[in-house]
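[1] Quick one, what's the 3D model for this:
(4 chains)
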Protein chains: 2
Amino acid sequence: MTQRGTSRGSSHRVAPEHTHPDDVPVLTALAALADPVRIALVRELAGSPVWTRSCGSFDVPVGKAALSHHFSVLRAAGLVEQRDEGPKRVNRLRREEFDTRFPGLLALVLRED
Amino acid sequence: MTQRGTSRGSSHRVAPEHTHPDDVPVLTALAALADPVRIALVRELAGSPVWTRSCGSFDVPVGKAALSHHFSVLRAAGLVEQRDEGPKRVNRLRREEFDTRFPGLLALVLRED
DNA sequence: GCGACTGTATGGTTTTCATCGAACACTCGG
DNA sequence: CCGAGTGTTCGATGAAAACCATACAGTCGC
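    You can find the predicted model right below:
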């Protein structure tokens, strides 16, 4: 049963589902990056120290629901890793891993021409 | 000037509109490649000598109209160049130019993992 | 010129995707 | 325990994109 509440039994938040870049098809990676909001997220994330940015701290013109969905897509594409830290969910760009799987792709997105 | 034909009047087919890779935003390039049919076209085209493949010679599960549209997208993304040769329109993958603008991107799509 | 062949344009249908509002779940500080 | 803060889920909506069938426009061989 569910022990919840009263005195014990930890009931953590469900850990986000991650996909390793190695398990990501090219099409999925491209589709994930073919969106202006997600590109903004990746760029902003790339410009910040790891594990310092919570989901809500990004400057994108969409509501919470859409934002949550975008992060879900980025996770599924192996681009972002998330960890729960207190009430917030902090992010990390999977630079190395993703670049090993798709060499140069991240660099293309990050350079602002 | 352009007189074509032997001596008169010429009413050629409208030459397809091309966009040079240098004028293509990253988002457009990614969006163009984020489609299974277009990836198939690019791959098949990459495996053939230049100017040998007409639009209708590709093995993709879509009708003529959709096919024409896909080629239009590929042209706009600077991925494909087309030339009229008799009744058919033959294609060339813009390897060098595209790779100069988006280094490594084409390689990612062409390698079948 | 006629007819087969190739590709484009148009109109309409279906699907996909981004988005929002509202409800819910969890964490933490009073 | 309550309430503020953070993020996910659900249902619905709207826009974009893929697709097809048809009609049209060139090119070429006869």
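[2] going forward, measure contacts between C-alpha atoms and count neighbours the same way
    Will do.
[3] Provide the partner residues of the residue nearest the centre of chain A in its beta bridges.
    The residue lying closest to the centre of chain A (CA atoms, centre = their mean) is residue A:80, at 3.3 Å. Residues in a beta bridge with residue A:80, per DSSP bridges, are residue A:93.
[4] correct me, but it touches residue A:93?
    Yes: between residue A:80 and residue A:93 there is a contact at 4.8 Å, judged by CA atoms under 8 Å.
[5] And residue A:27, how far from chain B?
    When distance is defined by CA to the nearest CA, to the nearest Å, residue A:27 is 6 Å away from chain B.
[6] can you count the residues close to that residue?
    The local packing of residue A:27 (other CA atoms under 10 Å in any protein chain shown) involves 16 other residues.
[7] same thing with residue A:85?
    Residue A:85 has 11 neighbouring residues, counting by other CA under 10 Å.
[8] any idea how far it is from residue B:59?
    From residue A:85 across to residue B:59, the span is 50 Å (CA to CA, to the nearest Å).
[9] go on, residue A:34?
    Between residue A:34 and residue B:59 the distance, using CA to CA, works out to 25 Å.
[10] ditto for residue A:105
    28 Å.
[11] Compare the two (neighbour count), which wins?
    Summary of the neighbour comparison: residue A:105 and residue B:59, criterion other CA under 10 Å, with residue A:105 having more neighbours (21 against 11).
[12] Find the nearest non-adjacent residue to the more buried one, please.
    Leaving aside its chain neighbours, residue A:105 sits nearest to residue B:105 (6.4 Å; criterion: CA to CA, 6 or more residues apart in numbering or on different chains).
[13] so who does the one you found touch?
    The neighbours of residue B:105, taking CA atoms under 8 Å, 6 or more residues apart in numbering or on different chains as the test, are A:104-105, B:99.
[14] Quick one: neighbours of residue A:88, just the number.
    Count around residue A:88 with other CA under 10 Å applied: 12.
[15] in the sheet, who's paired with it?
    With beta bridges defined as DSSP bridges, residue A:88 has these partners: residue A:85.
[16] was I right about it contacting residue A:51?
    No: applying CA under 8 Å, one finds residue A:88 not in contact with residue A:51, separated by 10.9 Å.
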